[in-house]
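Student: This is the structure alone, sequence omitted:
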C-alpha cells in the first residue's frame, strides 16, 4: 500500500513509519515539525519508498499519485504542547481533519483517525469502554485538546455516513517509549528526566490518580492490524494497556530501575486532571486478536536507556 501519515515525524507517527516500511509499504510523511522532530525520521529520508513533506495540515495540501490509506496522527498531544498552542491544536482537529478526510475521499482511501482517551475526560466509568460518552469540561484548560479530538471523531463519522468513506477511529491511551521528548510535559518522561538528573520527582495531588501505559511497539502492532482489516464497516476502538498504575507507584518504579536517590515531592493537582485512566480493550482483542505484550518494567527499562543516552550518559 501507499500510506500517508500526518504527524509522521512525531513520537508515535515515526514508529508507525518504520513499521509500515518494514512491512513493504510506501510511506508519505507529512509534518510541520512543531512538535515532531526530523531526527525521528532521519534514517528514512534517503529511502525511495519514503517521502517527507514539511506541511501544516491546517492548510490545504496536495499529494501526487495514488494513496491507499490516510492516517491522521497530527496534533500536539501533551498538555504542555496544547496549552502552548491552543488555537493550533483546535485547528489541527478541525481544518486539519477536514483536509485529511478530503484527501481520503478523493483517493477512495481508508481513513484512520488517531483519537485519544482524553475524549472520555475525567471519567465516571472505569475502565472506559468505547460506548462511554465521557465527562468533559468544554471550557476547561484541557478542552482545546479534548474537544478538538471529539470534533475530529464527529467529522470522521460524518464523512463515513455522508460519503461512505471507510473509516477507523482509534482512541489511544497513554503510550511511551523511545523518541518521546524529555521536555514534553507528560508524566513519564518528566519523572524519568528528573530521576536521571537527580532532581526531585514531581507527583501531582496525592499521586493516587491512575494511568495505563502501553509500550509503543505494542500500540503500533494494534494500529498495523487495524490497517490491514478489509471489512468496510466503520470501526471505533480503544488501544492501550489495561494494566492500571497510580502515578505514585510509577514514580517509585522509576526510582528503582534508575537507581536514583531522588525524593518524591507532591504538588497541587492541575485543573481537570483525570483521576482514572484505563482502557476497556475487549473490542480490540476480539476484532484484531491483539493484546499488549511488553511488561511495564521491561518497557520502562528500554525507555530509560533511551533517555539516559539523550542526556549524554
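Tutor: It's in. If you're wondering where the values come from, they're calculated on a predicted model, not measured in any experiment.
Student: avg pLDDT for the longest helix anywhere in the chain?
Tutor: When the chain is parsed with DSSP state H, its longest helix is helix 143-163. Predicted confidence along helix 143-163 averages 97 (mean pLDDT).
Student: other SSEs contacting the helix or strand just after it?
Tutor: Per DSSP states H and E, helix 143-163 leads on to strand 167-172 as the next helix or strand towards the C-terminus. Taking 3 or more Cβ pairs under 8 Å, 6 or more residues apart in numbering; DSSP states H and E as the contact definition, the neighbouring helices and strands of strand 167-172 are strand 110-116, helix 143-163, helix 216-228, strand 235-239. C-beta: built from backbone N, CA, C; applies to glycine.
Student: Could you dump the ones you listed into CSV and include mean neighbour count?
Tutor: Converted to CSV, those look like this (neighbours: other Cβ atoms under 10 Å):
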stretch, mean neighbour count
strand 110-116, 24
helix 143-163, 19
helix 216-228, 20
strand 235-239, 22
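Student: Between these, which one is closest to residue 177.
Tutor: Using Cβ to Cβ as the criterion, the shortest distance between residue 177 and the helices and strands packed on strand 167-172 is 3.3 Å, found for helix 216-228.
Student: If you count contacts, what does the closest one end up packed against?
Tutor: Applying 3+ Cβ pairs under 8 Å, 6+ apart, one finds that helix 216-228 contacts helix 11-22, strand 69-72, strand 110-116, strand 167-172, strand 175-176, strand 235-239, helix 282-288.
Student: between the ones you listed, which one is nearest to residue 196?
Tutor: The minimum distance between residue 196 and those falls on strand 175-176, with 15.1 Å, by Cβ to Cβ.
Student: Quickly run through the sheet partners of that closest one, with directions.
Tutor: In the sheet containing strand 175-176, its partner strands are strand 214-215 (parallel), by DSSP bridges.
Student: Disregarding residues adjacent in the polypeptide, which is nearest to residue 266?
Tutor: Closest residue in space to residue 266, ignoring its immediate chain neighbours: residue 203 at 5.5 Å, by Cβ to Cβ, 6 or more residues apart in numbering.
Student: Tell me how many other residues crowd residue 33.
Tutor: Using other Cβ atoms under 10 Å, residue 33 has 14 other residues around it.
Student: And the contacts of the worst-scoring helix or strand of the chain on mean pLDDT?
Tutor: When the helices and strands of the chain are compared on mean pLDDT, DSSP states H and E, helix 79-84 comes out lowest with a mean of 92. Residues from elsewhere that reach helix 79-84 (Cβ atoms under 8 Å, 6 or more residues apart in numbering): 35, 75-76, 89, 141-142, 144-145, 183-186, 270.
Student: what's the next secondary structure element after that helix?
Tutor: Downstream of helix 79-84, the first helix or strand assigned by DSSP H and E is helix 86-91.
Student: and the residue nearest to residue 266, that's in a strand?
Tutor: Yes: under DSSP: H, G, I helix; E, B strand; the rest coil, residue 203 sits within a strand.
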